[in-house]
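Participant: one predicted model, sequence on top.
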Amino acid sequence: MRTMEMALVEFRRHLKVKDISLYDSICDCQINPILINGYPIELHSMMKEGGLALMQEPLQFTRLLRLAQAHDVKSFIQIGIGDGGDFILLVEYLASIGRNVTSWAIDPNVTPQFYRYVHDCDPGAFWGVTVEIKIIPFHPNQFPFGLKIPRFDLGIVDSEHGHEIRRANMMRLDSCSDMLAVHDVSEIQTVMAAWNEYRATSGRRWSLINDQQPSVEITNKPICGYGILWPKDKP
Ligand SMILES: C[S@@+](CC[C@H](N)C(=O)[O-])C[C@H]1O[C@@H](n2cnc3c(N)ncnc32)[C@H](O)[C@@H]1O
């Protein structure tokens, strides 16, 4: 089985030598087989045990990384980490383009794979930048965890799918982040409802990332979808 560490070595190499596109390098990290019914058939060959076990549609996630690049993101806070697939890719991508990264990971069920990444894989040393990762292994309803929460460039919500829970998590991260990215706003009814409600009242501008694989017309299904909330004054 390909381990997280093996997939990470490959991803770093791709980022460094740019031998394949960012999209292809994300696909190469492997996506989580748990989600087999949510992904189009074209992606099924990447669903093997192991790798980074990403739980995002790679084309949409590529757009999110580009957006983070374009908006000078250096710090982010995320609720819902899983095995760390998207969190790790974002840290590595930002570090690879020379940014010093500060990131906080909130999840009551932090996995051994994610701990291994944070404690053993040292993205800062690899990319020659400063990377600080704080793991908060608690339920987000304990936010702010008795901590002074700093301001982040980006907040990411990808945890439980219930309406009220999702809405509460959006409010938490919105209060400490300039931009907000919310997962699964296109397909899961409770998330969609929470997103629509929150964006209507937040006073922020918003957009959706709903891209699919070019060949996905066959399934014609927007997978996950990211809702992005922007500050009014940001272009
Ligand atoms: C879909 S996974 C995250 C996947 C990850 N973002 C990725 O793309 O690879 C959802 C995560 O939410 C976490 N979770 C479950 N209940 C939660 C809760 N009440 N609050 C916060 N996180 C929760 C789970 O432990 C799980 O790690």
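Facilitator: On my side now, so go ahead.

Participant: run a quick neighbour tally on the closest residue to G203 other than its chain neighbours.
Facilitator: Residue nearest to G203 in three dimensions, not counting chain neighbours: K232, with 7.0 Å by CB to CB, 6 or more residues apart in numbering. In this view, the C-beta of every residue, glycine as well, is placed from N, C-alpha and C. By other CB atoms under 10 Å, 8 other residues sit near K232.

Participant: any idea how far W206 is from K232?
Facilitator: Computed as CB to CB, to the nearest Å, the K232 to W206 distance reads 11 Å.

Participant: if I pick the residue nearest to G203, what's in contact with it?
Facilitator: Neighbouring residues of K232 by CB atoms under 8 Å, 6 or more residues apart in numbering: 203-205.

Participant: one more: I26?
Facilitator: 11, 54, 58, 61-62, 89.

Participant: what does this protein have sitting close to the ligand?
Facilitator: Contacts of the chain with the ligand, taken as CB under 6 Å from any ligand atom, map to 54-56, 79-82, 85-86, 107-109, 139-140, 158-160.

Participant: buried sites along stretch 59-75?
Facilitator: By neighbour count with 16 or more other CB atoms under 10 Å, stretch 59-75 contains the buried residues 59-65, 67-68, 71, 73-75.

Participant: any stretches of this structure with poor pLDDT?
Facilitator: Along the chain, segments meeting pLDDT under 70 span 213-220, 234-235.

Participant: tell me the SS of the residue most central in space within it?
Facilitator: In the chain, the centroid-proximal residue (CA atoms, centre = their mean) is D86; its distance is 3.9 Å. Put simply, D86 is helix when judged by DSSP: H, G, I helix; E, B strand; the rest coil.

Participant: what sits against it?
Facilitator: 54-56, 61, 78, 156, 158.

Participant: for the contacts of I26, which one is nearest the ligand?
Facilitator: Relative to the ligand, the closest of these is L54; by CB to the nearest ligand atom it sits at 5.1 Å.

Participant: my read is that that closest one contacts I81, right?
Facilitator: No: at 11.7 Å, L54 and I81 do not qualify as touching, with contact defined as CB atoms under 8 Å.

Participant: strands of this structure, residue ranges please.
Facilitator: 75-79, 101-106, 131-136, 152-157, 177-183, 205-209, 226-230 (DSSP state E).

Participant: to P33, which of those strands lies closest?
Facilitator: Smallest distance to P33 across the strands of the chain (CB to CB): 18.3 Å, for strand 177-183.

Participant: against which helices or strands is that closest one packed?
Facilitator: strand 152-157, helix 163-174, helix 189-202, strand 226-230 (3 or more CB pairs under 8 Å, 6 or more residues apart in numbering; DSSP states H and E).

Participant: send the alpha carbons of the third one over as PDB?
Facilitator: Just to be clear, that refers to helix 189-202. The C-alpha coordinates for helix 189-202 follow below in PDB (Å, rounded to 0.1, in the frame of the first residue of the first chain):
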ATOM      1  CA  GLN A 189     -29.100  19.400   1.100                       C
ATOM      2  CA  THR A 190     -28.500  20.400   4.700                       C
ATOM      3  CA  VAL A 191     -25.100  22.000   3.800                       C
ATOM      4  CA  MET A 192     -26.600  23.700   0.800                       C
ATOM      5  CA  ALA A 193     -29.400  25.200   3.000                       C
ATOM      6  CA  ALA A 194     -27.000  26.300   5.600                       C
ATOM      7  CA  TRP A 195     -24.700  27.900   3.000                       C
ATOM      8  CA  ASN A 196     -27.600  29.700   1.200                       C
ATOM      9  CA  GLU A 197     -28.900  31.000   4.500                       C
ATOM     10  CA  TYR A 198     -25.600  32.200   5.800                       C
ATOM     11  CA  ARG A 199     -24.400  33.800   2.600                       C
ATOM     12  CA  ALA A 200     -27.700  35.800   2.400                       C
ATOM     13  CA  THR A 201     -27.100  37.300   5.800                       C
ATOM     14  CA  SER A 202     -23.300  37.600   6.000                       C
END
